[in-house]
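Undergrad: got a sequence here, can you build the structure:
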Amino acid sequence: MKVIFNINYQTVWGQTLHLTGSIPALGNWNHTQAINLHYSANGNWSVFLEIPDNTTCIEYRYFIRSNGKEIPEGYQENHQIYFDTIRTYRLYDIWHNKPEELSFYSSAFTEVLFARNDRQNFAPISAAKKIRLKVAAPKIRKEQQLALTGNQTVLGCWDTNKAIKLSAAHFPEWEVEFDAGQLSYPFEYKFIIYSNNRPEVYWETGGNRILTTPPLQENETVVISGLTFREDLPDWKCAGTVIPVFSLRSKDSFGIGDFYDLKKIVDWVRLTGQKVIQILPVNDTTMNHTWIDSYPYNAISIYALHPLYLNLRQMGKLEDAALAEKIVNIQKKLNLLEKVDYEQVDHYKWLFFRAIFKQEGGKILNSNKFKNFFSQNKEWLLPYAAYSYLRETHQTSDFRRWGEYAMYDPRKIAALCSPDTLHFDDIAIFYFLQYHLHLQLKEAKEYAQKNEIILKGDIPIGISDTSIEAWTEPQYFNMNAQAGAPPDDFSVTGQNWGFPTYNW
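TA: You can find the predicted model right below:
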């Protein structure tokens, strides 16, 4: 199969364009094996490739080198192209800078607010000569449809009732295919939006688009991608609520809000017509199991979630009847308190954690689902578990006081975390808790998504100077400096957050 890649980009002296992608002919995303594009004139670059006939889909992207060095120029998402029985594909791509409304390309919109229910696989038409158009239109809502009309019979001759619907299979990119053998030139067209339950039609702004391509050969498809729907629609707005998870206390929680309480605020936000819930950081902040750990911005890990946000009931039922009754009674007392007793919550939740791990840990850790989770997260999960174990063993989060482990050594940590050690259960419990945290937050997120509510996170601006990252990757931080804020209305003397600054 023949594929000709074409893109227009105005380079400066010393710059060259290159192509990489998901198949061996494109280097398998290895930039050192990328394909060089050839310059013709007027900013036009192209390259011809032969790829296996059984290829059904490829992803690819362009990038720039300046005097041999790769540079981050423009905003290039991966392109995707599907193949059918046609033997020759001519691709015309457009180089894009960052979209002005980049947020509409995020999963908050594509998977929640504007998520499409009509994402069936793109169905190519049957024709000897075809043109495929691909256009980005992220602000089209669920009840709306993108269509194409123009001065061609196949496009309805500007009659919006006869316009061709575009496929939303790869939303927010839309695509349509038509028989090039039925076209006459000049070819003029425009995209339109119509609502499924209303007669109004919104025409894109600007003049008519004009399509000019070299004459197509038999058994050839021309693909034009990178188009953008032109609009001046009103700004989209919504209301939302910002809240820390620990404040979502309910009768079902354990003295402190947890991930299952997120479902209750999803219900309330939906009931009140809001669209977004933003929560404060939920990273683990455990240093000494005191109230000082309650500050959500002093994270010990940029990956790990805080064990206190686990809902105990969802982790399993204790077989020890006396301990189960004690936990229930403590839960009632903690829930009646006017304020969160952080240290009591921490103490009794950990009492439950150790008991449920002893009871269920072996079964969970041997399950395929856990093994997949561990495999996907091992890079951060293993150092996190080792750090947490050493913190408990030495009764301090200051890794400088951990003797032979004060300096992070991956080989030593791998040996420390070996399942053959006598203390393995004291390490594995942290895998177990992070797995349950993953499941519970994922369930809350999916519940929000099902109810068309965005669950938005918050990220700490810094990390603790005794955090896992400070221990494992100290080269990224200036440990002799601390971040903060200058004097303002909140603090006349300014603020010292205690976070090491970044070594940019």
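
Undergrad: could you look up the SS state of residue 358?
TA: Here residue 358 is helix, with the state taken from DSSP: H, G, I helix; E, B strand; the rest coil.

Undergrad: how close does it get to residue 38?
TA: As for residue 358, its distance to residue 38 is 66 Å (criterion: Cβ to Cβ, to the nearest Å). From N, CA and C alone the C-beta is placed, and that goes for glycine too.

Undergrad: same check, this time on residue 92
TA: 15 Å.

Undergrad: and the next element down the chain from the lowest-mean-pLDDT helix or strand in the chain?
TA: One helix or strand of the chain scores below all others by mean pLDDT, DSSP states H and E: strand 69-71, with a mean of 88. Toward the C-terminal end, the helix or strand that comes next after strand 69-71 (DSSP states H and E) is strand 79-82.

Undergrad: output the contacting helices and strands for the following helix or strand past that next one.
TA: Scanning forward in sequence from strand 79-82 by DSSP H and E, the next helix or strand is strand 88-94. Judged by 3 or more Cβ pairs under 8 Å, 6 or more residues apart in numbering; DSSP states H and E, strand 88-94 is in contact with strand 2-8, strand 79-82, strand 220-228.

Undergrad: list the contacts for the residue lying closest to residue 398 once chain neighbours are set aside?
TA: By the measure of Cβ to Cβ, 6 or more residues apart in numbering, the closest residue to residue 398 outside its immediate chain neighbours is residue 466, 5.0 Å from it. Contacts for residue 466 (Cβ atoms under 8 Å, 6 or more residues apart in numbering) come out as 287, 300, 397-399.

Undergrad: 10 Å - rerun?
TA: Contact partners of residue 466, counting by Cβ atoms under 10 Å, 6 or more residues apart in numbering, are 287, 298, 300, 387, 391, 396-401.

Undergrad: repeat for residue 289
TA: Contacts for residue 289 (Cβ under 10 Å, 6+ apart) come out as 342-343, 346-347, 350, 391-392, 395.

Undergrad: now the buried members of these.
TA: Buried residues within these, defined by neighbour count using 16 or more other Cβ atoms under 10 Å: 342, 346, 350, 391.

Undergrad: let me know the closest of those residues to residue 192.
TA: Residue 192 lies nearest to residue 342 out of the buried ones among the contacts of residue 289, by Cβ to Cβ, at 56.8 Å.

Undergrad: what's the neighbour count on the nearest residue to residue 95 once chain neighbours are set aside?
TA: Leaving aside its sequence neighbours, residue 95 sits nearest to residue 9 (Cβ to Cβ, 6+ apart; 4.6 Å). Number of residues near residue 9 (other Cβ atoms under 10 Å) recorded here: 18.

Undergrad: pick out whichever of residue 92 and residue 38 has more residues nearby.
TA: residue 92 (18 against 12).

Undergrad: does that one touch residue 6 like I think?
TA: Yes: assessed by Cβ atoms under 10 Å, residue 92 is found in contact with residue 6 at 4.9 Å.

Undergrad: return every residue with contacts to both of those two.
TA: Jointly contacting residue 92 and residue 6 under the rule Cβ under 10 Å, 6+ apart are 44, 46, 222-224.

Undergrad: the residues you listed: which two are farthest apart?
TA: The distance between the two most remote of the shared contacts of residue 92 and residue 6 (Cβ to Cβ) is 16.4 Å, for 44 and 223.

Undergrad: give me the more crowded residue out of these two.
TA: Per other Cβ under 10 Å, whichever of residue 44 and residue 223 has more neighbours is residue 223, with 21 against 15.

Undergrad: for that one, what are its contacts?
TA: Residues in contact with residue 223 (Cβ under 10 Å, 6+ apart) are 3, 6, 79, 81-82, 89-93, 130-134, 175, 177.

Undergrad: can you check residue 228 too?
TA: Residue 228 is in contact with 94, 96, 99, 135-138, 191, 204, counting by Cβ under 10 Å, 6+ apart.

Undergrad: where do the helices of the stretch 101-250 of the chain begin and end?
TA: Assigned by DSSP state H, counting those that start in this stretch, the helices in the stretch 101-250 of the chain fall at 107.

Undergrad: now do the buried residues in the one helix or strand residue 347 maps to.
TA: Assigned by DSSP H and E, residue 347 belongs to helix 342-365. By neighbour count with 16+ other Cβ under 10 Å, helix 342-365 contains the buried residues 342, 344-346, 348-350, 352-353, 355-357, 360-361, 364-365.

Undergrad: same question, stretch 94-102
TA: Across stretch 94-102, burial judged by 16+ other Cβ under 10 Å covers residue 95.

Undergrad: and the average pLDDT for it is what?
TA: On average, the pLDDT along stretch 94-102 is 82.

Undergrad: give the contact list for the most centrally placed residue in the chain.
TA: In the chain, the centroid-proximal residue (Cα atoms, centre = their mean) is residue 107; its distance is 6.9 Å. Listed by Cβ under 10 Å, 6+ apart, the contact set of residue 107 reads 115, 449, 454.

Undergrad: what residues are up against the second one?
TA: What it means is residue 449. For residue 449, the contact set (Cβ under 10 Å, 6+ apart) comprises 107-108, 111-113, 115, 266, 455.

Undergrad: that one and residue 415, how far apart?
TA: 41 Å.

Undergrad: what does the first one give?
TA: Here the distance between residue 115 and residue 415 works out to 46 Å (Cβ to Cβ).
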